[in-house]
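> Need the 3D shape of this:
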Amino acid sequence: MKKTLLLILLSVIFTSKIAAQKDTLTAYYEKIEKSFKYESGKIKLSEGEGTLNVPKGFKFLDGAQTQNILTNLWGNPEDKSILGSLVPDGKGVTHNNSWLFVISYQGDGYVKDDDADDIDYDDLLKTMKEDVAAENTERKKGGYSEVQLIGWASKPFYDKDTKVLHWAKELQFGKDEEHTLNYDLRVLGRKGMYNISAVAGVNQLAEVKATIPGIIKSVEFADGHKYLDFDADTDTVAAWTIGGLVAGKVLAKVGFFAILAKFGKVIVISLLAGFAAIKKFLFGKKDQVVTRPEEETALLEDKNSTEE
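Here you go, the predicted model:
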């Protein structure tokens with residue numbers, strides 16, 4: 001009887017502590033969400049001679065904040081080429097249903113679209129699966145989970161009118177039962193292209209696809225830098241075509257850097273280890289000692305007071 005009562009008492013204490021940790025973790029996530037500085041309206045992109053007119057239903061985060069999210073919260077390798085991201089209104093980045101569009105620029109020349117109708121995308125998928133599997137050795141060396149390319153979440157197609165290439169991959173990171181969606185757009189220009197990639201759960205495909213027309217219209221090259229402004233006598237032609245873009249081998253961030261993870265438990269931060277990860281996010285420092293929640297709260301209060 002005494003053992004039973006002791007077991008019940010320990011269970012109550014343990015459950016209470018877990019609940020308290022959840023409350024504390026929720027408070028941290030709220031602090032993270034409030035720390036972001038969103039923008040709207042017309043954004044001059046820092047590369048590519050283009051502008052972003054933030055579409056209705058979205059808000060813009062600059063490159064530094066986006067990189068912080070992808071690396072410190074979502075567990076991706078660092079990529080300094082990121083120009084920013086579009087986050088849906090009403091969604092944060094620390095929730096299970098969070099997703100966003102990541103924006104970067106590739107200035108390697110004019111991409112010919114002559115082969116767009118000739119590509120066997122099913123055959124290309126087989127090669128891509130082999131390439132992704134081969135990259136797992138490097139991923140493990142870098143401390144990242146292995147990834148498997150499950151298949152097309154949305155088969156590639158090229159819109160000749162808008163000069164935009166679309167495709168979407170379904171990915172599995174490690175043993176995660178919740179598969180990841182990478183929905184990729186390449187907006188072609190005279191001297192390069194904007195890479196716009198949605199990072200979401202694969203079950204959010206319909207939600208993401210519904211926003212694609214507005215996203216495409218939001219990015220525009222300046223006059224003289226549009227795809228149709230190409231001058232064969234003076235401009236550089238890229239060393240690849242549409243098929244190479246889909247395969248992903250032509251990106252400067254070759255290999256697993258071209259695949260973005262969206263870890264759904266915020267993203268897989270455990271209740272016990274989460275405070276260190278959040279501290280790294282807020283303060284941008286490495287190798288920090290994990291402190292107790294009450295100590296973390298004091299640190300956050302100190303940081304907030306210095307910013308006010």
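
> can you pull the buried residues of the lengthiest strand in the chain?
The residue-count maximum for a strand in the chain (DSSP state E) belongs to strand 147-159. Within strand 147-159, the residues scored as buried using 16 or more other Cβ atoms under 10 Å are 147, 149, 152-154, 156, 158. The way it works is simple: take the backbone N, C-alpha and C, and place the C-beta from them, glycine included.

> How about residues contacting it?
Contacts of strand 147-159 with the rest of the structure, by Cβ atoms under 8 Å, 6 or more residues apart in numbering, involve 113, 116, 119, 121, 125, 128-129, 132-133, 135-136, 139, 164-174, 179, 181, 183, 202, 205, 209, 242, 246, 256, 259, 261.

> Strand partners (parallel or antiparallel) of that strand?
strand 164-173 (antiparallel) (DSSP bridges).

> could you give the mean pLDDT of the strand it pairs with?
The pLDDT scores in strand 164-173 average 94.

> Give me the contacts around that strand.
Applying Cβ under 8 Å, 6+ apart, the external contacts of strand 164-173 come out as 116, 121, 145-159, 179-188, 198, 202, 205, 208, 212, 216, 242, 245-246, 259, 261, 263.

> Then stretch 228-243?
By Cβ under 8 Å, 6+ apart, the residues outside stretch 228-243 that reach it are 108-116, 119, 124, 158, 165, 190-191, 223, 249-250.

> Mind exporting the C-alpha coordinates of that stretch to PDB?
Output of stretch 228-243 as PDB, limited to C-alpha atoms (Å, rounded to 0.1, in the frame of the first residue of the first chain):
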ATOM      1  CA  LEU A 228      13.000  38.700 -72.100                       C
ATOM      2  CA  ASP A 229      15.800  41.400 -71.800                       C
ATOM      3  CA  PHE A 230      18.500  38.800 -72.500                       C
ATOM      4  CA  ASP A 231      21.100  39.900 -75.000                       C
ATOM      5  CA  ALA A 232      22.900  37.000 -76.700                       C
ATOM      6  CA  ASP A 233      25.800  39.200 -77.600                       C
ATOM      7  CA  THR A 234      26.700  40.400 -74.100                       C
ATOM      8  CA  ASP A 235      25.100  38.200 -71.500                       C
ATOM      9  CA  THR A 236      26.300  35.100 -69.900                       C
ATOM     10  CA  VAL A 237      24.400  31.800 -70.500                       C
ATOM     11  CA  ALA A 238      24.200  29.500 -67.600                       C
ATOM     12  CA  ALA A 239      25.800  26.100 -67.900                       C
ATOM     13  CA  TRP A 240      22.600  24.200 -67.200                       C
ATOM     14  CA  THR A 241      19.000  24.200 -68.400                       C
ATOM     15  CA  ILE A 242      15.600  23.500 -66.800                       C
ATOM     16  CA  GLY A 243      16.400  19.800 -66.100                       C
END
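
> Pull out the buried residues from it.
230, 238, 240-243.

> show me what contacts Gly189?
Residues near Gly189 by Cβ under 8 Å, 6+ apart: 48-50, 221, 225-227.

> cool, Ile82 as well?
Contacts of Ile82 (Cβ under 8 Å, 6+ apart): 63, 66-67, 70, 102-104.

> go again using 6 Å as the cut-off
63, 66-67, 104 (Cβ atoms under 6 Å, 6 or more residues apart in numbering).

> Narrow the contacts of stretch 228-243 to those in strands?
Those of these lying in strands (DSSP E): 110-112, 158, 165.

> For those residues, could you give me CSV that also reports distance to Tyr38?
Output for the ones in strands among the contacts of stretch 228-243, formatted as CSV (distance: Cβ to Cβ, whole Å):
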residue, distance to Tyr38
Tyr110, 34
Val111, 32
Lys112, 37
Tyr158, 32
Leu165, 28
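
> okay, the residue nearest to the spatial centre of the chain: pLDDT?
Geometric centre of the chain, nearest residue: Val199, 4.5 Å, by Cα atoms, centre = their mean. pLDDT recorded at Val199 is 94.

> roughly how far apart are it and Asp120?
Here Val199 is placed at a distance of 27 Å from Asp120 (Cβ to Cβ, to the nearest Å).

> For the stretch 1-150 of the chain, just list every one of the helices.
Ranges of helices within the stretch 1-150 of the chain are 2-35, 63-68, 121-141, based on DSSP state H, counting those that start in this stretch.
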